[in-house]
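1. starting from these lines, generate the structure:
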Amino acid sequence: MPRGGKKGHKGRGKQFSNPEEIDRQMKAQRELEANAGVEKESSAESEEESSSDEESESRRRSGVEGLIEIENPNRVSQKSKKVAEVDVTAPRELSRREREEIEKQKSKERYMKLHLEGKTDQAKADLARLAIIKKQREDAAKKRDDLRKEKEAEEAKAKR
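-> All right, here's what the predicted structure looks like:
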């Protein structure tokens with residue numbers, strides 16, 4: 001039998017961060033980033049000549065990466081584009097999902113157009129069904145009219 005005294009973590013109350021705590025942490029992080037930016041600017045002014053050497057040292061690799069040169073053909077390096085290089089007017093390539101969605105909408109519109117013209121199989125079946133219903137309603141109306149006329153004729157004979 002297990003001993004008592006310790007409870008499992010399941011069923012324990014959830015702890016949520018309050019908004020004030022989150023705001024305080026975000027302010028502290030911004031201050032650290034601002035202070036780091038000020039330090040970088042002051043150091044950049046004093047050592048402009050050795051900037052190219054520092055860039056290679058800043059890319060210093062940790063562990064085995066520094067010893068072995070690895071060429072990974074699957075790795076895609078992120079290349080930042082300048083604002084002048086970005087061509088906003090160039091047509092954007094659509095993804096497969098977007099192309100399929102547009103194709104689907106166009107085919108739906110084509111089908112609805114043909115359906116309204118009565119050229120699809122479903123439209124023909126609907127029109128045939130409507131014609132049958134219309135004929136049945138006309139026959140029923142004619143029958144009611146005949147019965148009403150017969151009643152009126154019988155009532156006229158009874159009154160004479």
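
2. which residues in the chain form strands?
-> For the chain, applying DSSP state E gives no strands.

3. by mean pLDDT, point me to the weakest helix or strand of it.
-> helix 51-58 (a mean of 48; mean pLDDT, DSSP states H and E).

4. where does pLDDT dip in the protein?
-> Applying pLDDT under 70 to the chain flags residues 1-9, 11, 14, 39-66.

5. in it, which helix has the most residues?
-> Identified as the longest helix of the chain according to DSSP state H is helix 121-159.

6. just checking, what packs against that helix?
-> Here helix 121-159 touches helix 96-117, going by 3 or more CB pairs under 8 Å, 6 or more residues apart in numbering; DSSP states H and E. (Each C-beta comes from the backbone N, C-alpha and C, glycine too.)

7. one more time with 7 Å, if that's ok
-> In terms of contacts (3 or more CB pairs under 7 Å, 6 or more residues apart in numbering; DSSP states H and E), helix 121-159 is not packed against any helix or strand.

8. quick one: that helix to helix 96-117, angle?
-> 30 degrees (axes from the mean of the first three to the mean of the last three CA atoms, to 10 degrees).

9. what residues sit buried inside helix 121-159?
-> Within helix 121-159, no residue counts as buried by 16 or more other CB atoms under 10 Å.

10. distance of the nearest residue to residue 124 once chain neighbours are set aside from residue 108?
-> Excluding the flanking residues, the one nearest residue 124 by CB to CB, 6 or more residues apart in numbering is residue 118, at 6.6 Å. Distance of residue 118 to residue 108, computed by CB to CB, to the nearest Å: 18 Å.

11. tell me how many other residues crowd the residue nearest to residue 124.
-> Residue 118: 11 surrounding residues under other CB atoms under 10 Å.

12. that one against residue 126, yeah?
-> No. Counting by CB atoms under 7 Å, residue 118 sits too far from residue 126 to count as a contact (8.5 Å).

13. for the residue nearest to residue 124, what are phi and psi?
-> Main-chain dihedrals, residue 118, degrees, to the nearest 10: phi 80, psi 30.

14. so how far is residue 138 from it?
-> 21 Å.
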